[in-house]
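Colleague: predicted coordinates and the sequence they were generated for:
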Amino acid sequence: MKALVYTDTNEVIYRDEPDPVPEPGDVLLKIAATGICGSDMHAYHGQDPRRVPPLILGHEVSGSLVSGADAGQRFVVNPLITCGQCEACDTGHSNLCAARELIGMRLAGAYAEYVTIPKRNLIELSADISFVAAALTEPTATALHALNLARLHSSRPLAELKTLVIGGGAVGLLAALLLNMYGCRDLVVAETHAERRRSVAEHVDCQVHDPINDKALAADAFDLVIDAVGGGITRKSAMAAIKPGGTFVHIGLMDSAGELDIRKLTLFEITLVGVYCYTMADMRAAAQAIQKGQLGDLSWVETRPLAEGARAFDDLDKGRTAAAKLVLIPD
C-alpha cells in the first residue's frame, strides 16, 4: 500500500509500505480520510519521544471495512485502544487506561491506504455524512470531553459562563462551536494567526481577540478558560484571565515551559483540569453532533491528497495555510 511515513525530524515521505495484517479481533479498514493533528506536528518536529521514526502517523480517521459481513460499511475510528478490564476502563475513564495505545503513536497509523483496528473501536456512520466530516470526530471528542470536565467542575451551566478559548486551531475552534451549541454566547476566542481569526469570526458566535496586537484582555474576568495550545505563554495568559473560583481547562501539549501561577491558583481556589483524549461515549456523542450538522458546515476544513502530504506538513509548519484542519485523502 501507499503511505505517508514519518522518517526523520521535519520529514515525511510518501512511499510503499507492507499491507497491514489484522490481529485476532481486529478488522482491516480502507481509509477514506485522515486529519492532521497537532500531536502529529509535534512528532514531525521531533518533539514527541513516544513517536519514533520510521512510523506511519495519523489517528483522526474514517473509512470502510474491506471484508466480512459488513464489507463496505462506513465507519469512523476511535483510535484509542484500551484494555477494557482495568479499574479506569470499568469506571468510565477508559482514556486513562494504563495499557492504552493510540494508532499513529507506537502502532502504525492512518496516513495510508489501510489500517487495522479492533472491531470494538468502530462507530458506524450514516450514509449522509461525508468521510471528511467524519474524520473530525476525534478532535471533536477531545473538545467535548474537555467541556464535559469543565461542566463537572463549574458551579453554573456552561451557557452562563464567561469563557475564553485560547487557540483557534481545530480543537479550540471545535470547543467554541460546541459552546455555541450549548448556548454560550459570552465567548472570546484568542488566536495569533490573522486568517484563523477571520475563520473563527465567520463560523463562531464570539468575540475574536488578537493576543499580539489587541489590548490585553481584562485580568480576573473569565469564569472558564480553555487552553487549546498548551504553551508557557498561553498558560500564563490563562491564569491572568481566570477569575477567583474559576475553572482552567488545559488541553494543549505544545510544551511544558514556564511557570504556573500557583499562588493565584491556591489563594483564589482556581480549579485546574487536565484533559487527555476522550472516552468511547465522547466519540459517539461527537459523531452524532457532526452527523446532525450541529457544528455548522465545516467549510473551514481543507483537504489534500495523501500523496501531497509532505507539502501539507510543510505548509502547516511554515504557516502557509489558514485552515484549522487539514485532512489527507488517499488516492
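Modeller: It's in. Residues are numbered from 1 along each chain as shown.

Colleague: how far does stretch 14-24 sit from its chain's centre?
Modeller: In terms of Cα atoms, centre = their mean, to the nearest Å, the centre of stretch 14-24 is found 25 Å from the chain centre.

Colleague: meant to ask about stretch 133-148, not that
Modeller: For stretch 133-148, the separation from the chain centroid amounts to 6 Å (computed by Cα atoms, centre = their mean).

Colleague: so where is the stretch 101-250 of the chain shaky, pLDDT-wise?
Modeller: Within the stretch 101-250 of the chain, not a single segment meets pLDDT under 70.

Colleague: show the pLDDT at residue 321.
Modeller: On pLDDT, residue 321 comes in at 89.

Colleague: how's this structure carved up into domains?
Modeller: Structural domains assigned to the chain are 2-136+298-329, 140-274, following automatic domain parsing.

Colleague: distance to residue 289 and mean neighbour count added to these, as a markdown table?
Modeller: No exception for glycine: its C-beta is placed from N, CA and C like everyone else's. A markdown table is the format used below for these (distance: least, Cβ to Cβ, whole Å; neighbours: other Cβ atoms under 10 Å):
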| stretch | distance to residue 289 | mean neighbour count |
| --- | --- | --- |
| domain 2-136+298-329 | 10 | 18 |
| domain 140-274 | 7 | 19 |
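
Colleague: take these and lay them out in a markdown table including distance to residue 291.
Modeller: Converted to a markdown table, those look like this (distance: least, Cβ to Cβ, whole Å):
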| stretch | distance to residue 291 |
| --- | --- |
| domain 2-136+298-329 | 5 |
| domain 140-274 | 11 |
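
Colleague: which residues are in contact with residue 291?
Modeller: Residue 291 sits next to 125, 126, 128, 129 when contact means Cβ atoms under 8 Å, 6 or more residues apart in numbering.

Colleague: so what's the second one up against?
Modeller: Residue 126 makes contact with residue 291, according to Cβ under 8 Å, 6+ apart.

Colleague: SS state for residue 30?
Modeller: Following DSSP: H, G, I helix; E, B strand; the rest coil, the label given to residue 30 is strand.

Colleague: residue 62 is in contact with that one, correct?
Modeller: No: shown here, residue 30 and residue 62 do not form a contact pair, counting by Cβ atoms under 8 Å, at 10.4 Å.

Colleague: remind me which helix or strand residue 88 belongs to.
Modeller: Residue 88 is part of helix 87-90 when elements are defined by DSSP states H and E.

Colleague: pairing partners for the next helix or strand after that helix, with directions?
Modeller: Remark: after helix 87-90, the chain's next helix or strand is strand 101-102, criterion DSSP H and E. Applying DSSP bridges to the sheet, strand 101-102 is found paired with strand 80-81 (antiparallel).

Colleague: what's in contact with the partner strand?
Modeller: 94, 95, 100, 101, 102, 103, 107, 117, 118, 121, 277, 278.

Colleague: adding distance to residue 3, write those residues out as CSV.
Modeller: Below are those laid out as CSV (distance: Cβ to Cβ, whole Å):
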residue, distance to residue 3
94, 28
95, 27
100, 23
101, 19
102, 17
103, 13
107, 13
117, 15
118, 20
121, 20
277, 24
278, 25
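
Colleague: max pairwise distance over these: which two?
Modeller: For those, the maximum inter-member distance is 17.8 Å, found between 107 and 278 (Cβ to Cβ).
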